[in-house]
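Participant: how does the following fold in three dimensions:
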Amino acid sequence: MTSEQQALERLANLPDADIDLSDLPEQLDWNDAERGKFYRPVKQSVTMRVDADVLAWFKANSEKYQSRINEVLREFVQEQRKARGMKR
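Facilitator: Numbering: from 1, shown residues only. Prediction:
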């Protein structure tokens, strides 16, 4: 058995009460954490045909009209998933 293995065995046999935990960082309470809160889906570049008046409306009402179109589509998809009892 190597000296490293022997050291590991000694540590494994050490009672929990004898382990010095004073240098460990404070443990955070994750009970109220929200999964996916900062999740940003990967965007994919696509070419699609949109009626001219629809595109004109988005361009006139938002500087970031492409992002706004994406938001509207995402809201629609989420509503449809909810209505159909589907998850993400």
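
Participant: mind listing what's buried along the helix or strand hosting residue 77?
Facilitator: Per DSSP states H and E, residue 77 falls inside helix 65-83. For helix 65-83, the neighbour count (16 or more other C-beta atoms under 10 Å) marks residue 69 as buried. Any C-beta I mention is one placed from the backbone N, CA and C, and that applies to glycine too.

Participant: which neighbouring elements make contact with it?
Facilitator: helix 52-61 (3 or more C-beta pairs under 8 Å, 6 or more residues apart in numbering; DSSP states H and E).

Participant: name the helices or strands packed onto the helix it packs on?
Facilitator: helix 65-83.

Participant: show me what contacts residue 50?
Facilitator: Shown in contact with residue 50 (C-beta atoms under 8 Å, 6 or more residues apart in numbering): residue 69.

Participant: got phi/psi on it?
Facilitator: The phi and psi values for residue 50, taken as degrees, to the nearest 10, are phi -130, psi 140.
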